[in-house]
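Trainee: fold the following and give me the result.
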Amino acid sequence: MSESPAKAGVRADQWLWAARFFKTRSLAKQAIDGGKIEVNSARCKPAKILHVGDRVTVSRGSERMEVEVLLLSDKRGPATVAQALYSESEESRARREAEREARRLDAAGYQPPPGRPDKRDRRRLIAFEEPS
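Mentor: Numbering: from 1, shown residues only. The predicted structure follows:
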């Protein structure tokens, strides 16, 4: 794995793939093209060169991570090595945990029905939905 701090730079899509934010470089490129990735608070292109110290914002689904580039790598390695390529800010980590807890509590209030509605229940639903 080429992790040299003196290295000039690495393409954004390669670094995101090597840091294991995305499973393939193609998915990383699609996320960048879709505006889900920001480098130093600005949109970027897949060929944008990242340098040590850059601030990268990654939006995946409802999660939003703000990380700082610590090491550069264009090769994908084990997850433990990939986690050493960046550090997530404390504010970002706290915000993600709060959002995760809020989603968990929202889902806890939902009680799915015990089964499919029978004929009588369907008739009641239809009668309820029809305007009077």
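Trainee: restricting to C-alpha, output the lengthiest helix in the chain in CSV.
Mentor: Longest helix in the chain, counting residues (DSSP state H): helix 90-108. C-alpha atoms of helix 90-108 as CSV (Å, rounded to 0.1, in the frame of the first residue of the first chain):
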residue,chain,number,x,y,z
GLU,A,90,-15.8,14.9,16.8
GLU,A,91,-18.7,17.1,15.7
SER,A,92,-19.4,14.8,12.8
ARG,A,93,-19.2,11.7,15.0
ALA,A,94,-21.5,13.1,17.6
ARG,A,95,-24.0,14.3,15.0
ARG,A,96,-24.1,10.8,13.3
GLU,A,97,-24.6,9.1,16.7
ALA,A,98,-27.5,11.5,17.5
GLU,A,99,-29.1,10.9,14.1
ARG,A,100,-28.7,7.2,14.5
GLU,A,101,-30.3,7.3,18.0
ALA,A,102,-33.2,9.4,16.6
ARG,A,103,-33.8,6.9,13.8
ARG,A,104,-33.8,4.0,16.3
LEU,A,105,-36.3,5.8,18.5
ASP,A,106,-38.6,6.6,15.6
ALA,A,107,-38.5,3.0,14.5
ALA,A,108,-39.2,1.8,18.0
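Trainee: residues of it that come out buried?
Mentor: 92, 96 (16 or more other CB atoms under 10 Å). From N, CA and C alone the C-beta is placed, and that goes for glycine too.
Trainee: from the contact counts, what lies against it?
Mentor: Applying 3 or more CB pairs under 8 Å, 6 or more residues apart in numbering; DSSP states H and E, one finds that helix 90-108 makes contact with strand 63-69.
Trainee: show me what the strand it packs on packs onto, helices and strands only.
Mentor: Contact partners of strand 63-69 among helices and strands, from 3+ CB pairs under 8 Å, 6+ apart: strand 55-60, strand 86-88, helix 90-108.
Trainee: and the angle from that strand to strand 55-60?
Mentor: Relative orientation of strand 63-69 versus strand 55-60 (axes from the mean of the first three to the mean of the last three CA atoms, to 10 degrees): 150 degrees.
Trainee: look at the most centrally placed residue in the chain and report its pLDDT.
Mentor: The residue lying closest to the centre of the chain (CA atoms, centre = their mean) is R60, at 2.5 Å. Note for R60: predicted pLDDT of 88.
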